[in-house]
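> Would you be able to build a 3D model of this:
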Amino acid sequence: MDPPEGHAPSTPPIIFLTAFGSNDDQVFEGYSIGAVDFLAKPIVPQILRAKVAVFVDLFRKTEQVKRQAEQLRLAEQREHERELARRGDAGGQAAARGDGEPATIRRRVTGAGR
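Prediction:
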């Protein structure tokens, strides 16, 4: 069973440890309040460590992807600003040549008259 839709990824993963047997309703209820896994006694330390290691790894990778996405967003924003500045400069050069009349600019932008 997967965690419910809308489970906040920033919420720490919850692994339920229990000494009692559990039925599907109890498991579903655990998942509905944020559980990501269940372990029943006797707890095998190696299994618990392995499960925790997976969640730590997922957390680190998620944080890395968030950082990379932000870096990409900033790079795209800088590129967009450079492009706008370049276009603005080209428009300024046309105006300096006396070629900045609205009809001329509109033809260049829309491609009309080609």
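> So this protein: which segments form each domain?
Domain ranges of the chain: 1-43, 44-99, per automatic domain parsing.
> now the ones you listed in JSON lines, with mean pLDDT?
Below are the domains of the chain laid out as JSON lines (pLDDT from 0 to 100):
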{"stretch": "domain 1-43", "mean pLDDT": "76"}
{"stretch": "domain 44-99", "mean pLDDT": "86"}
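> now the ones you listed as a markdown table including mean neighbour count?
In this view, the C-beta of every residue, glycine as well, is placed from N, C-alpha and C. Converted to a markdown table, the domains of the chain look like this (neighbours: other Cβ atoms under 10 Å):
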| stretch | mean neighbour count |
| --- | --- |
| domain 1-43 | 12 |
| domain 44-99 | 11 |
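> just the helices in the chain please.
Along the chain, the segments classed as helices by DSSP state H run 24-32, 45-96, 102-110.
> out of the ones you listed, which comes closest to residue 12?
helix 45-96 (8.5 Å; Cβ to Cβ).
> Can you name every helix or strand that the closest one contacts?
In terms of contacts (3 or more Cβ pairs under 8 Å, 6 or more residues apart in numbering; DSSP states H and E), helix 45-96 is packed against strand 14-18, strand 35-40, helix 102-110.
> and the helices of the chain as TSV, adding distance to residue 15?
Shown next, in TSV, are the helices of the chain (distance: least, Cβ to Cβ, whole Å):
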stretch	distance to residue 15
helix 24-32	10
helix 45-96	6
helix 102-110	59
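> Nearest to residue 17 among these would be which one?
helix 45-96 (7.9 Å).
> Next, the angle strand 35-40 makes with the closest one.
Note on geometry: by axes from the mean of the first three to the mean of the last three Cα atoms, to 10 degrees, helix 45-96 and strand 35-40 are set 170 degrees apart in direction.
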